[in-house]
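Asker: sequence and predicted structure are below.
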Amino acid sequence: MSDTDLSVPFRQRAGSALGDKHLQEALTIATTKFIGLRREAFGEFPEGERLRDMAREIKEATLQHLDRYVDQLIDSVERLGGHVHYATTPEEARRVVLDIAARTGARLAVKSKSMASEEIHLNEALEAAGVIPIETDLGEYIIQLAHERPSHIIAPAIHKTKGQVADLFAKELGRQVAADPEELTRIARVELRQKFLDADLGITGANFAVADSGTVVLVTNEGNGRMVTSLPRVHVAVMGVEKVVPSMTDLMVFLQILAKSATGQKLSVYTTLVRGPRRAGELEGPDEFHLVLLDNGRIRQIAGPLREALYCLRCGACLNVCPVYRQIGGHAYGYTYPGPIGILLTAMLEGPGSVKDLAHASSLCGACADACPVRIDIPRMLVELRREVDEARIASWTERLAYRLMETILASPTLYRWSKPLARLLQRPFARDGRIRSVPLAFGEWTRTRDLPAVARQTFQERWPELQNPTATPGSSTATGEPCDRSRLAPESGHPRPKPDSRHPLQ
Amino acid sequence: MTTRAEFLSRIRTEVGKTSGLFPAGTAQRPSDPRAVTETIKRELAERWPHALERFQLEFERVAGVFHRAASLVAVPQVVAGIARERAVRRLVAWHARELGGDLLDSLAARGLEPFAMPPGDLDSAAERAELRRRVADAELGLTGVDLAIAETGTLVLRSGAGRPRSTSLLPACHIAVFDRTALIESLGQAGVFLELWNRGAHEDGVGAVTSFITGPSRTADIELTLTRGVHGPKEVHAIFVDQVIRG
């Protein structure tokens, strides 16, 4: 197994994930556990809902003046003696990091978990330039040894069993290793401790960057974020430009909800606030501090349809509750960011063409928006993406033809009237018990995973004259004030109509 | 390469195209954080026993070990107890100035091998490397605490001269000593201190990093099995000292 092969269609990727029994089990256990932990954490935190609203508002307020806050962040970092770099593309970001590595003669780089560095595929570039990158988050270390990508934003290796991890460690160390999480963790501690001490370069992302004090904030549970920012002689932080927050007061609002949303902890074990290189009198800390501000499609979304996705804190809560993610896991999505928010971020970074299938990998149930600590309306943007995908004519011709036909017919009462007898005629060979289980030719795509309701023997429109005359249908009346007649919603349920409520005063 | 001007102008252009999704403001910052921190401290001068109780509860919930000592002089005895149970001796400590007192002789008398951090930076890279080896070999790290947050059981430590980051990071067992002047109630209050600390010119001797530490290092990356001490300390002990350390 290696990186997800994007030449394999999404449906096939999802299909093989569905067929992977172990993955299915691991996903259910992990996501169910995270959902429970999150619910408990917010359950005993009555201020949570108010803080979520506040956090959402701060994100929006920051975006409304992002130019000002980024400018302030740059000034603050430079005042502290740090260097700020600007990267429009992933290539540029990689170039910046490689230049720093080359100039400082770095041979070994330790990394703490960073989705931004995943996004720019930094490890491959470092390796090619002769710098050994070591992922130090235990989950990331495991998948680095396996040459894979993270399958969950905050639990990158949930798809691996302890047996698989033991095999990976055994191969790396050239000796037998027990398949015991405690023992495996101990081995990783020893192995990686030496890397921390030997490394020249520390590479991190940033969960937040505080504009007015030039503070890069790293949230970890393992302590690797502290190691990476304290021991190597150079520290490079790569962050998406939307991660800036105005002040420490704003930061505290986010810290109060981030860990609760991600792992159900009140606070992650380590929140590390880094302000530039080591100061006079300090024994430790890097001599050089670099901040790489990454655009990669973000800036054009400030005024774009995916603006709200720029609020994302990368907590992973929307993955855990998503009925699609829970079935197919992170790899099937095929890009750096999986899950509902991942579809939006992929569209942001790679363009809408990249999500022509993924935009539909959602039931639009809204569970993601409910779980999101900053209440990002993910379903709304997924619908928007589907529209974009349609307008860009990237969808398959059959899909577009079907919708075009529907559009034409629904827009014309005459066509609509005549379409029904025609449909009844056409559906005759396929309809059974009011359902169409498969349709021929390329249109079969639609019925591959779902049934189509057949056109009723008599549609509502056809019954309308009869319904208008109450005497024609004994015992029924259109004046009962029934809020909803089931026969209108489900034509196949048709006659007989349910008995009107006898308690109704008008009866 | 993209320049600062280009980068910012691109952001400015996009920001100018939209008024945003809805009217929004940022969090209200304290206009005079020093005054607010003083109010917090004044109020806690009375309420601290309640805050301490909550701290202990939350600290223990995140697998911290809580101890109490009458005064700083009684701390070495507690530390020696922890060391004895684990059959370890090598200890590194913040400089006496940062701990609030010199505990080295007392620790040594109880069978430990204590080593204090220098008051500032060292002269050469070789000396620094030698010191790092010593810290990496130590089994116990003894530090002070700048803030202890009751709501979350969190210890806040600022790096700086005489208080290096590694003391609370490399040894497998971190022991932190604090008194009631460090106690605060909430993360919101911690935010006011951060506003205060990060405002204006740098103070001498203040380092670049502030660490929030909430229990021992942990991971659940292998089959969601909770395991402690993956990179940072496996154990975190907090010793509350009743008599104010710098009284």
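Answerer: Nice, thanks for sending it over. Being a predicted model, the structure only gives us computed values, none of them experimental.
Asker: mind listing the strands for chain B?
Answerer: Using DSSP state E, the strands of chain B run over residues B:65-69, B:90-93, B:113-116, B:140-143, B:147-149, B:154-160, B:173-178, B:183-184, B:206-213, B:218-219, B:227-228, B:235-241.
Asker: enumerate the residues of the stretch 301-450 of chain A near chain B.
Answerer: By the rule CB under 8 Å from any CB of the partner chain, the part of the stretch 301-450 of chain A lying against chain B is A:Ile302, A:Ala303, A:Arg307, A:Glu308. C-beta coordinates here come from the backbone N, C-alpha and C atoms, glycine included.
Asker: which two of those have the greatest separation?
Answerer: The largest distance within these, taken as CB to CB, falls between A:Ala303 and A:Glu308 and amounts to 12.2 Å.
Asker: make CSV from the strands of chain B and add mean neighbour count, distance to chain A and mean pLDDT to it.
Answerer: Converted to CSV, the strands of chain B look like this (neighbours: other CB atoms under 10 Å in any protein chain shown; distance: least, CB to the nearest CB, whole Å; pLDDT from 0 to 100):
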stretch, mean neighbour count, distance to chain A, mean pLDDT
strand B:65-69, 16, 15, 98
strand B:90-93, 24, 11, 98
strand B:113-116, 19, 12, 98
strand B:140-143, 27, 12, 98
strand B:147-149, 25, 8, 98
strand B:154-160, 25, 6, 97
strand B:173-178, 25, 10, 98
strand B:183-184, 26, 12, 98
strand B:206-213, 25, 4, 96
strand B:218-219, 27, 5, 96
strand B:227-228, 20, 4, 96
strand B:235-241, 23, 9, 98
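Asker: ok, back up a step: which of the residues of the stretch 301-450 of chain A next to chain B fall in strands?
Answerer: Applying DSSP E to these, no entry is found in strands.
Asker: buried subset of those, written for ChimeraX?
Answerer: Buried residues within these, by 16 or more other CB atoms under 10 Å in any protein chain shown, are selected in ChimeraX with:
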select /A:302,303,307,308
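Asker: A:Val216 - that's part of a strand, no?
Answerer: Yes: under DSSP: H, G, I helix; E, B strand; the rest coil, A:Val216 falls within a strand.
Asker: return the residues in contact with it.
Answerer: Contacts of A:Val216 were listed using CB atoms under 8 Å, 6 or more residues apart in numbering or on different chains, and they are A:Thr204, A:Ala206, A:Phe208, A:Ala209, A:Ala237, A:Met239, A:Leu273, A:Val274, A:Arg275, A:Leu291.
Asker: partner strands of the host helix or strand of the last one, parallel or antiparallel?
Answerer: Translated: A:Leu291. Element membership of A:Leu291 [criterion: DSSP states H and E] is strand A:288-294. Paired neighbours of strand A:288-294 in the sheet (DSSP bridges): strand A:83-87 (parallel), strand A:234-240 (parallel).
Asker: and the angle for the longest one with strand B:206-213?
Answerer: Right, the one you point to is strand A:234-240. Interaxial angle, strand A:234-240 versus strand B:206-213 (axes from the mean of the first three to the mean of the last three CA atoms, to 10 degrees): 60 degrees.
Asker: ok, and what's touching strand A:234-240?
Answerer: By CB under 8 Å, 6+ apart, the residues outside strand A:234-240 that reach it are A:93, A:97, A:100, A:104, A:106, A:114, A:116-117, A:120, A:122, A:200-206, A:209, A:216, A:228-229, A:274, A:277, A:286-294, A:296, A:298.
Asker: chain center to that strand, what's the gap?
Answerer: Distance, stretch centre to chain centre, for strand A:234-240: 22 Å (CA atoms, centre = their mean, to the nearest Å).
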